[in-house]
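Engineer: sequence unknown, structure follows:
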DNA sequence: GCCGTTTTCGGCCCGACTGTTTTCAGTCG
């Protein structure tokens, strides 16, 4: 069975948790956590790197001991050191760590003094008032633990970026209207454009006498106030989203924005660079001794450590700092660079607007072309078009195009890849289309070998233009099907076709890592909305975030091309 | 457990808030 990086990272995280509870050297604990973080951000499978003879100790935070453990896990599927820890500390204690307010020290007390090992035992002890007698615990802590178990807040719920946006936007508007407020920005993973966010970090600069903190906790969506100080507060909104508010002075705003945008690994690296220059960076600025030398803007923070500005989406503490030092940062694609959308449905299949409505909506947003790509005949559930209906649609598109002088509707289809890799229409049909998107909509559970062969065969087909939502995942609902994506990207490169970055909020697929691989192999990516109605064109903004996290520039994106160039590139896929 | 352009030993990012204390530990981000 292949061992993925995530499997190894999970083991190291668990070891860190258990060592923490064991009261091990905190820096040893941190070493495991750092290693887990490094591994998650690698972008290449460790198993593959090892097979290629890579020396793992060259990786950040991996020394001889952890490299040996990685090899052990890849070879055997487990780590003896973790097995040993399990004999000393019950694995279930890890669950207790996820309760807000419970850290390693208190979990250790719970286990040693009351032999509490599970959430259920914890709930029982809290209900019967036993916790408040423990050292370091009190009645309030006991109450909070009980409430948190009841509300299942410990489940670490994450929200789609798209969903968080729906709540962030009105809250920002609300805060901006508070007297004395000068600036409001949502930082954190939201600003970095992550697919999902665990909470919202909102940064505000305001006059000293501004009532912003009080107004924040009085916001009518707030159901619970966790903490509230003079510069920081934490609340929960009705939908369970946690929101942290921080208030800083204008002169510190850039430093705070950088600090609270993160990610953590990025911040730590930037701080270390500062240390090497005899400087100290915190959320209030850059300091030499006690003297603040900058902090008003993010640019000034980067400048202080000798770096050019690094876009928020790139800040994951992995490659971006080295690239910045070498002046090799990408000039990231922006929303305005998009010229069209190559994956759009109409009500002929499972969309809910006419082709003309979709075209006019796209045109209104400034796009110059769309491709109508309704589903093919096998996808009955989405009213896939048979050959006769598709023919009629092509004629209708001809008639519509005659109405536009500055906009083009391309003829396309989202063609099902059948179980054996054949396509759902004959070549004679496909040859009449401007664009053929192929996609998997069934048989998600094939073995890795069969799924990969299936998709590679589809890519080899004479008329295909691009592969849509290549991994098939739905965030929070369905994981990716098991496919060797690196082979798919290489095949697309050799075949000379394109890959989609589907902008639906729960897809965002290709993901960032594979976008970068596609770029490295010269495969153009198309950022498509997969719109089923006019409002869905808004999804493109999320696709842009994802593309930026994948280091894509304008030149790497197929639908950044004006129509004339695009058509040449579409024709070039016909082999 | 990792790391090193003063170091192979002795450091390791840093500050706010809460609750339980009586000056601070634990937790969190």
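Structural biologist: That came through fine. This is a predicted model, so every value here is computed, not measured.
Engineer: Which helix or strand contains the residue lying closest to residue A:100 once chain neighbours are set aside?
Structural biologist: Nearest residue to residue A:100 in three dimensions, chain neighbours excluded: residue A:148, at 5.4 Å (CB to CB, 6 or more residues apart in numbering). Any C-beta I mention is one placed from the backbone N, CA and C, and that applies to glycine too. Assigned by DSSP states H and E, residue A:148 belongs to helix A:139-150.
Engineer: List the buried residues of that helix.
Structural biologist: A:141-142, A:144-146, A:148-149 (16 or more other CB atoms under 10 Å).
Engineer: helices or strands next to that helix in the packing?
Structural biologist: helix A:119-127 (3 or more CB pairs under 8 Å, 6 or more residues apart in numbering; DSSP states H and E).
Engineer: Distance of the residue nearest to residue A:100 relative to DNA strand B?
Structural biologist: As defined by CB to the nearest atom of the strand, to the nearest Å, residue A:148 lies at a distance of 9 Å from DNA strand B.
Engineer: unless I'm mixing things up, that residue is touching residue A:96, no?
Structural biologist: No: Residue A:148 is beyond contact range of residue A:96, at 10.9 Å (criterion: CB atoms under 8 Å).
Engineer: returning to what we had before: report pLDDT for the residue nearest to residue A:100.
Structural biologist: Looking at residue A:148, its pLDDT reads 80.
Engineer: For it, give its distance to residue A:224.
Structural biologist: For residue A:148, the distance to residue A:224 equals 10 Å [CB to CB, to the nearest Å].
Engineer: Could you grab the helix/strand/coil label for residue A:393?
Structural biologist: helix (DSSP: H, G, I helix; E, B strand; the rest coil).
Engineer: Please name the nearest non-neighbouring residue to it.
Structural biologist: residue A:348 (5.8 Å).
Engineer: Doesn't the one you found belong to a helix?
Structural biologist: No: using three-state DSSP, the secondary structure at residue A:348 is coil, not a helix.
Engineer: what's next to stretch A:483-496, contact-wise?
Structural biologist: A:448, A:451-452, A:455-456, A:459-460, A:467, A:470-471, A:498-499, A:514, A:517-518, A:521-523, A:572-573, A:575 (CB atoms under 8 Å, 6 or more residues apart in numbering).
Engineer: buried residues in it?
Structural biologist: Buried, per 16+ other CB under 10 Å, within stretch A:483-496: A:483-485, A:488-493, A:495.
Engineer: Would you quantify the distance from the spatially closest residue to residue A:123 that is not a sequence neighbour to DNA strand B?
Structural biologist: In space, and not counting its chain neighbours, residue A:123 is closest to residue A:149: 4.9 Å by CB to CB, 6+ apart. Distance of residue A:149 to DNA strand B, computed by CB to the nearest atom of the strand: 13 Å.
Engineer: when you scan stretch A:237-255, is anything in it near DNA strand B?
Structural biologist: Yes: Stretch A:237-255 lies within reach of DNA strand B by CB under 7 Å from any atom of the strand, at A:242, A:244.
Engineer: I figured residue A:439 hits residue A:469, correct?
Structural biologist: Yes: with contact defined as CB under 8 Å, residue A:439 reaches residue A:469; the gap is 6.1 Å.
Engineer: ok, now which ones touch the residue in the stretch 1-150 of chain A positioned nearest to DNA strand B?
Structural biologist: Closest residue of the stretch 1-150 of chain A to DNA strand B, CB to the nearest atom of the strand: residue A:138 (1.6 Å). Shown in contact with residue A:138 (CB under 8 Å, 6+ apart): residue A:132.
Engineer: Could you report the pLDDT at residue A:118?
Structural biologist: Taking residue A:118 on its own, its pLDDT is 88.
Engineer: My error: substitute residue A:152 in the last question.
Structural biologist: 64.
Engineer: Likewise for residue A:530?
Structural biologist: pLDDT, residue A:530: 96.
Engineer: Okay, it and DNA strand B: tell me how far apart.
Structural biologist: Taking CB to the nearest atom of the strand, one finds residue A:530 at 33 Å from DNA strand B.
Engineer: swap in residue A:430?
Structural biologist: 51 Å.
Engineer: got it, and residue A:194?
Structural biologist: Counting by CB to the nearest atom of the strand, the gap from residue A:194 to DNA strand B is 14 Å.
Engineer: Point out where the stretch 451-575 of chain A drops to low pLDDT.
Structural biologist: Counting by pLDDT under 70, the stretch 451-575 of chain A contains low-confidence residues at A:575.
Engineer: Mind jotting down where the helices sit in it?
Structural biologist: A:485-495, A:512-520, A:540-549, A:563-571 (DSSP state H, counting those that start in this stretch).
Engineer: Identify all contacting residues around the second one.
Structural biologist: Pointing back at helix A:512-520 there. A:43, A:470-471, A:485-486, A:489, A:492, A:499, A:501, A:510, A:524-525, A:546-547, A:549-553, A:556.
Engineer: Could you give the bridge partners of the residue nearest to residue A:423 when sequence neighbours are not counted?
Structural biologist: Closest residue in space to residue A:423, ignoring its immediate chain neighbours: residue A:415 at 5.1 Å, by CB to CB, 6+ apart. Beta bridges link residue A:415 to residue A:438 when assigned by DSSP bridges.
Engineer: what's the burial count for residue A:415?
Structural biologist: Residue A:415 has 29 neighbours, counted by other CB atoms under 10 Å.
Engineer: So it sits against residue A:426, correct?
Structural biologist: No: contact criterion CB under 8 Å: residue A:415 and residue A:426 do not qualify, at 10.7 Å.
Engineer: picking up where we left off before, same list (the buried residues of helix A:139-150) but as TSV, adding distance to residue A:106.
Structural biologist: Listed next are the buried residues of helix A:139-150 as TSV, based on distance: CB to CB, whole Å:
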residue	distance to residue A:106
A:141	8
A:142	11
A:144	12
A:145	9
A:146	14
A:148	13
A:149	14
